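> generate coordinates for the sequence data below:
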Amino acid sequence: SFTATATDNCDDNVAISYSVGGSNISFPYNFPIGTTTVTVTADDGDSNSANTTCTFDVTVIDDEAPVITNCPAPVNPYSVDAGE
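Numbers count the residues shown, from 1 in each chain. Got it, this is the predicted structure:
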């Protein structure tokens, strides 16, 4: 989890948005395995959002082995007629 903050000299109601690859994201967000760069944008509601971005990386490492949750029961041998 992460939270960016921003301030403005005229108003404390600064909206923070997050995006990945130019598309806004919301939470919870399913980050893929590897490193993803997140862009944070602050907007004061008066169209003043230029130069108010920052970026940070989220790195997801898959270090957990898979777990078998359903294993089939043994298959009993069966016989068939030789002519089939």
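> what is the burial count for residue 42?
Using other C-beta atoms under 10 Å, residue 42 has 19 neighbouring residues. To be clear about C-beta, it is placed using only N, CA and C from the backbone, and glycine gets the same treatment.
> OK, contacts around it?
4, 6, 8, 14, 15, 16, 49, 52, 53 (C-beta atoms under 8 Å, 6 or more residues apart in numbering).
> flag the least confident of those residues.
Lowest pLDDT within the contacts of residue 42 is found at residue 49 (63).
> where does pLDDT dip in this protein?
11-12, 47-51, 79-84 (pLDDT under 70).
> need the helices for it, in chain order.
Secondary structure of the chain (DSSP state H): no helices present.
> mind giving me TSV with the contacts of residue 42 and columns for neighbour count?
Below are those laid out as TSV (neighbours: other C-beta atoms under 10 Å):
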residue	neighbour count
4	14
6	16
8	15
14	18
15	11
16	13
49	16
52	15
53	12
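> just checking, residue 20 touches residue 35?
No: using C-beta atoms under 8 Å, residue 20 makes no contact with residue 35, being 11.3 Å away.
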